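Student: prediction below, plus the sequence it came from.
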Amino acid sequence: MSYETILLEERGAVALITLNRPKALNALNKQLMDELTDAIRRIEANDAIGCTVITGSEKAFAAGADIKEMQSKTYADVMMEDFITANWEEVSRTRKPVIAAVAGYALGGGCELAMMCDFILAGDNARFGQPEIQLGVIPGSGGSQRLTRFVGKSKAMEMCMTGRMMDAEEAERAGLVSRIIPTEDLVEEAMSVAAKIAELSRPALFVLKESVNRAYEVPMAEGIRFERRVFHSLFAFDDQTEGMEAFIEKRTPQFKNK
Ligand code: CAA
């Protein structure tokens with residue numbers, strides 16, 4: 001598949017996906033979500049890539065689902081085409097780490113897409129919001145669930161009920177983003193973090209990601225039991241021996257993902 005609404009670049013072991021519908025502030029239409037799904041699957045199948053960065057433009061990460069495309073849909077349309085589920089969820093399914101580098105607007109589906117990533121680095125001009133209520137609907141791509149887990153009920157409810165946007169500082173205070181970076185340095189910083197992650201043991205990263213995500217899904221005791229089991233499983237990999245040997249020998253580990 002060739003892409004028209006995203007750009008896909010490989011830099012060393014890192015893939016950079018740039019959402020690229022600038023005239024529509026990267027509104028997420030079917031074509032873009034199909035292309036993004038395809039790109040994530042290609043990256044997952046490409047052994048040379050260890051981490052992905054998803055970004056937009058300085059003005060907008062993404063201003064939400066494409067309202068012009070959605071406006072005329074009926075219940076039968078959205079139900080029968082399995083709108084959202086069919087092509088929006090690959091980012092939350094991929095096993096490889098994904099970083100969202102968010103500058104400008106991340107609204108509605110844009111905020112939800114960022115929250116599907118493993119963590120969010122925010123440019124200092126980032127604005128996050130779930131304005132769907134102003135369109136007579138509610139978040140449809142996990143926003144009412146993920147935002148509530150990130151920032152707590154009161155702030156999630158206020159944001160979803162009013163459509164108010166959070167700036168980067170509020171988003172960092174609330175735990176939605178891991179760090180704020182000057183917007184002009186955002187993508188380079190995200191690529192550099194991704195390059196470091198891409199050098200680590202991939203099996204360890206896979207189970208790490210699964211383990212942290214478990215914390216959102218199961219009670220604490222279950223999650224800790226899961227963590228213990230997958231922690232034990234990593235002792236079956238050469239990477240565990242190499243990582244610990246390298247520490248003792250005061251050298252950089254050479255992980256082989258085995
Ligand atoms: N869908 C379709 N087109 C969009 C869009 C969207 N979500 N957001 C912006 N655009 C388009 C505008 O229609 C405009 O196109 P034209 O030049 O053809 O008129 C262009 O992008 C530029 O936008 P604005 O002129 O509005 O730019 P602005 O700087 O004045 O405002 C903004 C920026 C505050 C982000 C404003 O564009 C806005 O409010 N956008 C809609 C945000 C929104 O409601 N998102 C939620 C969508 S629903 C959803 O996401 C459902 C879900 O949970 C899956």
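Tutor: That came through fine. Residues are numbered from 1 along each chain as shown.

Student: tell me if I'm right that Met33 and Glu89 touch.
Tutor: No - Met33 lies out of contact with Glu89 (Cβ atoms under 8 Å); the separation is 9.6 Å. Heads up, the C-betas are built off the backbone N, CA and C, glycines and all.

Student: how close does Ser141 sit to Met159?
Tutor: Ser141 is 15 Å from Met159, where distance means Cβ to Cβ, to the nearest Å.

Student: and Pro219, by the same measure?
Tutor: Remark: distance between Pro219 and Met159 (Cβ to Cβ) = 27 Å.

Student: of those two, which one has the most company?
Tutor: Between Pro219 and Met159, Met159 has the larger neighbour count (other Cβ atoms under 10 Å), namely 26 against 9.

Student: count the residues that sit near the closest residue to the more buried one other than its chain neighbours.
Tutor: Once flanking residues are discounted, Met159 sits nearest to Gln130: 5.5 Å by Cβ to Cβ, 6 or more residues apart in numbering. Counted with other Cβ under 10 Å, the neighbours of Gln130 add up to 29.

Student: of Met33 and Glu89, who's got more company?
Tutor: Higher neighbour count among Met33 and Glu89: Met33, with 24 against 16, using other Cβ under 10 Å.

Student: elements contacting the strand or helix carrying the more buried one?
Tutor: Using DSSP states H and E, Met33 falls within helix 30-45. Applying 3 or more Cβ pairs under 8 Å, 6 or more residues apart in numbering; DSSP states H and E, we find helix 30-45 packed against strand 6-11, strand 14-19, strand 51-55, helix 90-93.

Student: what is the burial count for the residue in the stretch 151-258 of the chain that the ligand sits nearest to?
Tutor: The nearest approach of the stretch 151-258 of the chain to the ligand comes at Gly163, 7.5 Å away (Cβ to the nearest ligand atom). Residues lying near Gly163 (other Cβ under 10 Å) number 16.

Student: quick one: residues contacting it.
Tutor: Gly163 makes contacts with Gly129, Gln130, Pro131, Glu132, Ile133, Gln134, as judged by Cβ atoms under 8 Å, 6 or more residues apart in numbering.

Student: need the helices for this structure, in chain order.
Tutor: Along the chain, the segments classed as helices by DSSP state H run 30-45, 67-70, 75-80, 90-93, 109-116, 143-151, 153-162, 168-174, 186-198, 202-214, 220-233, 238-248.

Student: could you dump those to a markdown table with mean pLDDT?
Tutor: Output for the helices of the chain, formatted as a markdown table (pLDDT from 0 to 100):
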| stretch | mean pLDDT |
| --- | --- |
| helix 30-45 | 98 |
| helix 67-70 | 98 |
| helix 75-80 | 97 |
| helix 90-93 | 97 |
| helix 109-116 | 98 |
| helix 143-151 | 97 |
| helix 153-162 | 98 |
| helix 168-174 | 98 |
| helix 186-198 | 98 |
| helix 202-214 | 97 |
| helix 220-233 | 97 |
| helix 238-248 | 98 |
